[in-house]
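In: Below: sequence and its predicted model.
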Amino acid sequence: MGTDTNLRGAGWLSWTTRTAYLAVADLGVPDRRTLLWRDATTLARADVPAPTGGGGTAETPGRPPMPP
């Protein structure tokens, strides 16, 4: 990623379970989403089409689909 990359994200954060789940959109690639899952022991990443990754627009991505 370059310094001019413009990202937007939406998702969930649980302080009690120490878990985060995020859909990230790059304004330069509006038809793709990167799904990120993080808990105390695991980090998972998947690049998916925008409709599969929560939809929305690149400017305001939807939340990632449940279950992860």
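Out: Done, it's in.
In: ok, the residue nearest the centre of the chain - contacts?
Out: With distances taken as Cα atoms, centre = their mean, Ala23 lies nearest the centre of the chain, 1.4 Å away. Listed by Cβ atoms under 8 Å, 6 or more residues apart in numbering, the contact set of Ala23 reads Gly9, Ala10, Gly11, Arg33, Thr34, Leu35, Gly53, Gly54, Pro61, Gly62, Arg63, Pro64. Yep, even glycine has a C-beta here, placed from its N, CA and C like the rest.
In: Restricted to strands, list those residues.
Out: Using DSSP state E, the members of the contacts of Ala23 that fall within strands are Gly9, Ala10, Gly11, Arg33, Thr34, Leu35.
In: Could you count how many residues lie near the residue nearest to Arg8 when sequence neighbours are not counted?
Out: On the basis of Cβ to Cβ, 6 or more residues apart in numbering, the spatially nearest residue to Arg8 that is not a chain neighbour turns out to be Ala25, at 4.9 Å. The burial count assigned to Ala25 is 26, neighbours taken as other Cβ atoms under 10 Å.
In: Three-state assignment for Ala25, please.
Out: Using DSSP: H, G, I helix; E, B strand; the rest coil, the structure places Ala25 in strand.
In: Can you report phi and psi for the closest residue to Thr17 other than its chain neighbours?
Out: With Cβ to Cβ, 6+ apart as the criterion, Thr17 has its nearest non-adjacent residue at 7.1 Å, and that residue is Asp39. Dihedral angles of Asp39 (phi, psi; degrees, to the nearest 10) stand at phi -130, psi -170.
In: Right, I'll call it a day here.
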